[in-house]
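Trainee: Below are the sequence and a predicted model for it; my questions follow.
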Amino acid sequence: MDTTPSLADPRALLRALYDAAVRRAHPAHVTGEFLPTPPAAGRGRTLVLGAGKAGGAMAAAVDALWPADAPLSGLVVTRYGHVPPAYAAQPGRIEVVEAAHPVPDAAGRAAAQRIVDLTRGLTPDDLVLCLISGGGSALLSLPAPGLTLEDKQAVNQALLRSGAAIDEMNTVRKHLSAIKGGRLAALCAPARVVTLLISDVPGDAPEVIASGPTVADSTTCADALAICRRYGIELPAAARAGLESGAFETPKPGDACFAGHAVHLIATPQQSLEAAAALARAAGIEAQILSDELEGESREVGKVHAALARAVARRGQPFQRPCVILSGGETTVTVRARGGRGGRATEFLLGCAIALQGQPGVHVLAADTDGIDGVEDNAGALVTPDTLARAAAAGMKPAEFLDRNDATAFFERLGDLVTTGPTFTNVNDFRALLVT
């Protein structure tokens, strides 16, 4: 039976492209080639530490691939519900615990403290294998001295509502942390540290992914303060004092604590977009990758994508149809109203749908590769040429849903949500526009 997707079923084709992107980034498929050699028998131990939405799957992959006769232990924290079922049912040598995302909770703080405790007594003969993926900023939450978990939660919530870009948010987060911004690497000294990263950030900068717990930080306390001023983030007194005095400064490039460490990007947004493009081309459809690092307001990025799709549909410029237009990155949502339900993907899609104006022959899927759009249960949604007509028939006004950041509710009422459940990886936004 031929399972190759085709233009005959645009929804199935777009979903197949998304699935291909996710599959390319799954830890089970990408971890093996990056694993270091275990310490010599009797000379040292291997400690696995980590955090992120892909943490459970990364731990499972390492456990399965690590030699059975080589000592292995450790602790990884992931989001609630993000432990692969098989590993949850039959835990391995690496303990996996769960905590809250995107706002940290007490479970995340306890896990971070346990990770700090595990670093005590390490020697130069020991190997620390750090498994880091997107979401680690919230999951690995250990407040800097003088700060409380409630302080961190308040700042985090304000950042999430502000529309700040991910690198800006993580600059603030790492400077208010006792474990991120390279501090975990310092705690692991004098052991050798190997970090495996799954990137969920535009540009794939290791210091931005999960706020870079094991890599040098080029940003400063002054940068964090400037970001808070730019977005009107109110800081607790202890946080402001720590930043203004420089007491919360992070280890910088060249610091001796990073000597001999290795960092490997094992999955990136670009690789996932290329996997989706390859599947489209195999089906005889030309694929164009715009960029893997698009940023900006989700609704505005949606408008730009709509303009491009309309140009292709109406004039065959800049691409000939049929084609698939792919993009990734991390857009932002500035929350303008309380009570709305939505995330980056659905807000992008609603802005895109309005701008498409019911353009014939254009279908769009946008979804987060971790399977969760914002804090909802859906990964994203679909736009079809009749989205606006169906909304009008249901008495819905798209602009009103957009004004109150309620895009998920809009697509839910149309029956167009894409729901996958946790995918156990995270290379951020995935967008595909099919122009037939």
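Mentor: Thanks, I have it. Numbering: from 1, shown residues only.
Trainee: contacts, neighbours, all on C-alpha from now
Mentor: OK.
Trainee: Give me the neighbour count for V263.
Mentor: The criterion is other CA atoms under 10 Å. On that basis, V263 has 15 neighbouring residues.
Trainee: With A25 instead?
Mentor: Burial of A25, expressed as a neighbour count using other CA under 10 Å, amounts to 27.
Trainee: could you measure it against K252, distance?
Mentor: 30 Å (CA to CA, to the nearest Å).
Trainee: ok, now L14?
Mentor: Plainly put, L14 is 43 Å away from K252 if you go by CA to CA.
Trainee: just R338 next, same as before
Mentor: For R338, the distance to K252 (CA to CA) stands at 39 Å.
Trainee: mind listing the helices for the stretch 201-350 of the chain?
Mentor: For the stretch 201-350 of the chain, applying DSSP state H, counting those that start in this stretch gives helices covering 221-231, 237-245, 269-282, 298-315, 344-356.
Trainee: Most tightly packed of the ones you listed?
Mentor: Ranked by mean neighbour count, the helices of the stretch 201-350 of the chain are led by helix 344-356 with a mean of 27 (mean count of other CA atoms under 10 Å).
Trainee: could the helices of the stretch 201-350 of the chain go into TSV alongside distance to G328?
Mentor: Putting those into TSV (distance: least, CA to CA, whole Å) gives the following:
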stretch	distance to G328
helix 221-231	24
helix 237-245	33
helix 269-282	7
helix 298-315	11
helix 344-356	11
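Trainee: for these, which one sits closest to V97?
Mentor: Comparison of the helices of the stretch 201-350 of the chain against V97 by CA to CA identifies helix 269-282 as nearest, at 26.0 Å.
Trainee: what's that closest one packed up against?
Mentor: Using 3 or more CA pairs under 8 Å, 6 or more residues apart in numbering; DSSP states H and E as the contact criterion, the secondary-structure elements in contact with helix 269-282 are helix 10-24, strand 286-294, strand 323-329.
Trainee: Tell me which strands the last one pairs with, and in which orientation.
Mentor: Pointing back at strand 323-329 there. Sheet pairing of strand 323-329 (DSSP bridges) gives strand 286-294 (parallel), strand 429-435 (antiparallel).
Trainee: quick one on the thing from earlier: among the helices of the stretch 201-350 of the chain, which is nearest D105?
Mentor: Distances from D105 to each of the helices of the stretch 201-350 of the chain were compared using CA to CA; the shortest belongs to helix 237-245, at 18.3 Å.
Trainee: List the buried residues in the helix or strand hosting A60.
Mentor: Taking DSSP states H and E as the criterion, A60 maps to helix 55-65. Of the residues in helix 55-65, those with enough neighbours to count as buried (16 or more other CA atoms under 10 Å) are G55, G56, A57, M58, A59, A60, A61, V62, D63.
Trainee: do you know how far the third one is from P422?
Mentor: In this view, A57 and P422 are 11 Å apart by CA to CA.
Trainee: Please apply the same query to the first one.
Mentor: Using CA to CA, G55 is found at 12 Å from P422.
Trainee: Got the domain ranges for this protein?
Mentor: What automatic domain parsing lists as the domains of the chain is 10-23+269-435, 27-142+177-216+251-267.
Trainee: Relative to S162, which of those is closest?
Mentor: Counting by CA to CA, and looking across all of those, nearest comes domain 10-23+269-435 at 5.5 Å.
Trainee: any idea of the mean pLDDT for that closest one?
Mentor: What domain 10-23+269-435 shows for mean pLDDT is 96.
Trainee: Any idea which of the helices of the stretch 201-350 of the chain gets closest to S73?
Mentor: Checking these against S73 by CA to CA gives helix 269-282 as the closest, at 29.6 Å.
Trainee: Show me how far that closest one is from its chain's centre.
Mentor: Relative to the mean C-alpha coordinate of its chain, helix 269-282 is positioned 18 Å out (CA atoms, centre = their mean, to the nearest Å).
Trainee: Next: stretch 405-419.
Mentor: Using CA atoms, centre = their mean, the distance from the centre of stretch 405-419 to the centre of the chain it belongs to is 21 Å.
Trainee: export it as CSV, just CAs?
Mentor: As requested, the backbone C-alpha atoms of stretch 405-419 are provided in CSV (Å, rounded to 0.1, in the frame of the first residue of the first chain):
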residue,chain,number,x,y,z
ASN,A,405,-5.6,36.1,22.1
ASP,A,406,-8.2,33.3,21.8
ALA,A,407,-6.9,31.6,18.6
THR,A,408,-7.1,28.1,20.0
ALA,A,409,-10.7,28.5,20.8
PHE,A,410,-11.3,29.7,17.3
PHE,A,411,-9.8,26.6,15.6
GLU,A,412,-11.3,24.3,18.2
ARG,A,413,-14.8,25.4,17.3
LEU,A,414,-14.0,24.7,13.6
GLY,A,415,-12.6,21.3,14.4
ASP,A,416,-9.2,22.2,12.9
LEU,A,417,-6.9,21.7,15.9
VAL,A,418,-3.9,19.4,15.4
THR,A,419,-3.5,17.2,18.5
